[in-house]
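> Kindly return the folded structure for what I paste below:
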Amino acid sequence: MDAILKKLTNKARDTQTLAQAITESGLKSVSSVLRGTPIFGALTAASDETAEYDETHYVLIPLLGAEKNYAIYTKRILPLDVGANNSLPKARIFHVPDEAGTSLLERELVAELINKRCGEEVDSSELADTLEKLADQIDGETNKISGGFLLIGSAVAIVNPLLGIGIATQGLIPAIGAKASKVGAEYVGNKLRQRNKTVAKSKIEKKTTNEIRKLKPQIYPNPITRSLEAIAANPQTNLDPAFDHRNWIDQFKSPRHYAVTLEAIQETYQEAWHTLELSPYQESHLRWVRSFFDESSQ
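Model prediction:
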């Protein structure tokens, strides 16, 4: 579990105080490195009245002046008044810079994360099947570094990566306290196993099948990450993304696609900004990127 999140968990008396502590801390995401690629997982799920499915967005963020060319930011978006424990179809949406993003994913991510580093062969199956494997690994890493915690409004849920469902901690763990935080994920795992033993196998299989039902992954060409990609590839380009209407919210598939993109850039760049080699880039480009997270640049 992420060190800061673990400290907050250790201090929390119950799920309500844990949710309040995470909110007040300003901690929005936890980060790790998966097979050499930075992974950022949002701690808070968003609710959106226009969402029809239980969505997880994977935003591929080009990095300016970094050793690694890309980072991945993940964010879960739920329909209004829907909790983590639901039977909605699970949609996985990969945000990529442009229509060539499919080959970009295959070259930069799938090849590295799955084929070269994980020892798994990527055969001639459809890209959707390969993206499922990639998403499973990203989700597993995110759950590991977050301890499975997810905030939905003012409630805390525990995400079980094995079943792909969220179980409200109010019903499973009445108090976080020293006992729960002492053993962390192991404690939660034991509780889940004990709970499962009390349910008939056929019922578990039926429930699991319904709750992990997934749609084929979607590829979404993202205008803002396209601009980041163009700048990263050519620091001297005359492109001024701040005035490019293609980056405006009305050009996105939905406002939630736009919102998750801004959050992804903010979380990806904010911490590492002063460690990046930014001298090759034009000031107008840097000002545009800073505008996502630096109030002084507004």
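> which intervals of this protein have sub-threshold pLDDT?
Across the chain, residues meeting the criterion (pLDDT under 70) sit at 1-2, 12-16, 35, 99-128, 154-155, 157-213, 295-298.
> For it, which segments count as helices?
3-11, 15-25, 101-104, 127-146, 169-172, 177-183, 185-197, 201-211, 223-233, 255-270, 283-290 (DSSP state H).
> What residues of stretch 28-43 count as buried?
28, 29, 30, 31, 34, 37, 38, 39, 40, 41, 42, 43 (16 or more other CB atoms under 10 Å). (Glycine included, C-beta is placed from N, CA and C.)
> Dump it to CSV, restricted to CA.
Taking Å, rounded to 0.1, in the frame of the first residue of the first chain, the C-alpha atoms of stretch 28-43 are listed here in CSV:
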residue,chain,number,x,y,z
LYS,A,28,-5.9,12.2,-5.0
SER,A,29,-3.9,9.3,-6.4
VAL,A,30,-1.3,6.7,-5.6
SER,A,31,1.6,5.9,-7.9
SER,A,32,3.9,3.0,-8.7
VAL,A,33,6.0,1.7,-11.6
LEU,A,34,4.7,-1.3,-13.5
ARG,A,35,7.4,-2.9,-15.6
GLY,A,36,9.1,0.5,-16.0
THR,A,37,6.0,2.5,-16.8
PRO,A,38,4.7,5.0,-14.2
ILE,A,39,1.2,4.1,-13.1
PHE,A,40,-1.1,6.6,-11.3
GLY,A,41,-4.3,5.3,-9.8
ALA,A,42,-7.1,7.7,-8.7
LEU,A,43,-8.3,7.1,-5.2
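> which residues does residue 29 contact?
When contacts are counted by CB atoms under 8 Å, 6 or more residues apart in numbering, residue 29 touches 40, 41, 42, 43, 73, 267.
> Would you agree the last one is in contact with residue 41?
Yep, that's residue 267 we're talking about. No. The criterion here is CB atoms under 8 Å, and residue 267 misses it with residue 41 at 9.4 Å.
> what's the farthest-apart pair in the contacts of residue 29?
Largest separation among these by CB to CB: 43 and 73, giving 12.0 Å.
> With distance to residue 263 added, can I get the buried residues of stretch 28-43 in TSV?
Converted to TSV, the buried residues of stretch 28-43 look like this (distance: CB to CB, whole Å):
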residue	distance to residue 263
28	7
29	8
30	14
31	14
34	19
37	19
38	15
39	15
40	10
41	12
42	7
43	11
